[in-house]
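Trainee: I would like the atomic coordinates for the input below:
(one chain, ligands or ions: 1)
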Amino acid sequence: MEFKSDSELIELRDRYGLSSARKGYGEFKGYSLPESFSKYQKEIEDLEVYDDDVWVTSFPKSGTTWTEELVWCVANDLDFEAAKVDVDERFPFVEFCMYFGMDDPNDAIPYVRRSIEFVKSRPRPRFIKSHLPWELMPKQIRTFERRPKIIHVARNPKDVCVSYYHHVRFLENYSGDFNLYVQLFLRNKANYAPFFNNILSYWSRRSEPNIIFLKYEDMKKDLRSILLQVTEFLGYELSEDQVKTLLHHLSFEVMKHNKATDHSNLAAFLKSKGLLFNPDGEFMRTGTSGSFKSEMSPAMIEYFNRWTEENLADTGLEL
Ligand code: PPS
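Mentor: Model (predicted):
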């Protein structure tokens, strides 16, 4: 693969990836994020955390929504009536405000525009989503002063990159091509990159009793086992009937047509603000492992494989 220089990549990212809601990018403790994160970094750092909080963390597009739905249903006695509330409201995304800004006077969806306040206002136990790496998580978590349950989910970087490309075209005004996006991803110019630093920041802490590390591919292969593992981790028990009902609820086909998990409320909100950039896009896309094969060239695949091998050498993690 041939790469453009870093300065060229930054210039192209700005040319093809900014919008009225995304004025620029910044670097925070070595991670690429919208520059607006600077307005919220301290508030997240100082967030009051409780031991009974439940966090789902991940690099974007790694199966976050799937894991959130699993966790929320287990922890709420499979209350499917209450689960009709949008997952973004039941399981708020703490740094959501950095995407769609506090500057907009229309406070249409509080869990988007005022996500940190929204998290603070939730009844306990709170359920919180974040893509932030360990280094940018609240201080009380990093110092282990508080030990909320943290469920981290990771996915192989080739599928993440493809899924992220479709995501940024859909929701983040990216108008460059796939080849450029792959370069941005590999050269740490995508949001939340560097990819491996982000997930290894959790992997290296996986033996802490309040942290569990899952893989999307394992969920695809054997969701039942992962469900039982997470249920035990959270301190619950499920009957066989509940397991069956929940496995059905968590299947791709069901979640794809579930208005509370397909992020259609978010898409409708963004559309109303003129911030939905690809009307044909959808959040629940393929829900498979290995879809990169139909989108990546052999050279890209080879590059990703080598890059993965180098970054995971001696870590014990396989993706
Ligand atoms: S986000 O925006 O970062 O929160 O996205 P995230 O939820 O992490 O990832 C979205 C991808 O997860 C797939 N998905 C599922 N796969 C299998 N089964 C179920 N139930 C499921 N729910 C969501 C979703 O389709 C996205 O992957 P791609 O490859 O784009 O289809």
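Trainee: now the spatially most central residue of the chain: which helix or strand?
Mentor: Nearest residue to the geometric centre of the chain (CA atoms, centre = their mean): residue 60, 3.3 Å. In the assignment (DSSP states H and E), residue 60 maps to no helix and no strand.
Trainee: quick check: closest non-adjacent residue to it.
Mentor: residue 131 (5.2 Å; CB to CB, 6 or more residues apart in numbering). In short, each C-beta sits where N, CA and C put it, glycine included.
Trainee: kindly provide the distance from that neighbour to the ligand.
Mentor: 6 Å (CB to the nearest ligand atom, to the nearest Å).
Trainee: what's near enough to touch that residue?
Mentor: 57-60, 64, 93, 95, 191-192, 198 (CB atoms under 8 Å, 6 or more residues apart in numbering).
Trainee: anything in stretch 31-38 near the ligand?
Mentor: No - Stretch 31-38 does not reach the ligand (CB under 6 Å from any ligand atom); its nearest approach is 13.8 Å.
Trainee: and the residue in the stretch 101-250 of the chain positioned nearest to the ligand, how many neighbours?
Mentor: With CB to the nearest ligand atom, the shortest gap between the stretch 101-250 of the chain and the ligand falls at residue 163, namely 3.3 Å. The number of residues packed near residue 163 is 23, by other CB atoms under 10 Å.
Trainee: got the residue ranges for the strands in the stretch 51-200 of the chain?
Mentor: 54-58, 127-130, 149-154 (DSSP state E, counting those that start in this stretch).
Trainee: could you check how far the shortest one is from the centre of its chain?
Mentor: For strand 127-130, the separation from the chain centroid amounts to 9 Å (computed by CA atoms, centre = their mean, to the nearest Å).
Trainee: ditto for the last one
Mentor: Taking CA atoms, centre = their mean, one finds the center of strand 149-154 at 10 Å from the center of the full chain.
Trainee: so what does that strand touch, helix or strand wise?
Mentor: strand 54-58, helix 64-75, helix 195-203, strand 211-215, helix 216-221, helix 223-234 (3 or more CB pairs under 8 Å, 6 or more residues apart in numbering; DSSP states H and E).
Trainee: give me the buried positions along the fifth one.
Mentor: If I follow you right, that is helix 216-221. Buried residues in helix 216-221, counted by 16 or more other CB atoms under 10 Å: 216-220.
Trainee: so which bits of the stretch 201-319 of the chain are right by the ligand?
Mentor: 250, 252, 255, 284-287, 291.
Trainee: which among those residues count as buried?
Mentor: For these, buried by 16+ other CB under 10 Å: 250, 255, 284-285, 287, 291.
Trainee: where does the stretch 101-250 of the chain have low pLDDT?
Mentor: Scanning the stretch 101-250 of the chain with the threshold set as pLDDT under 70 gives 101-108.
Trainee: got the residues of the stretch 1-150 of the chain near the ligand?
Mentor: Going by CB under 6 Å from any ligand atom, the residues of the stretch 1-150 of the chain near the ligand are 58, 60-66.
Trainee: if we go to 8 Å?
Mentor: By the rule CB under 8 Å from any ligand atom, the part of the stretch 1-150 of the chain lying against the ligand is 58-69, 93, 129, 131.
Trainee: check these and tell me the two furthest apart.
Mentor: 59 and 69 (18.2 Å; CB to CB).
Trainee: right, I'll leave it there.
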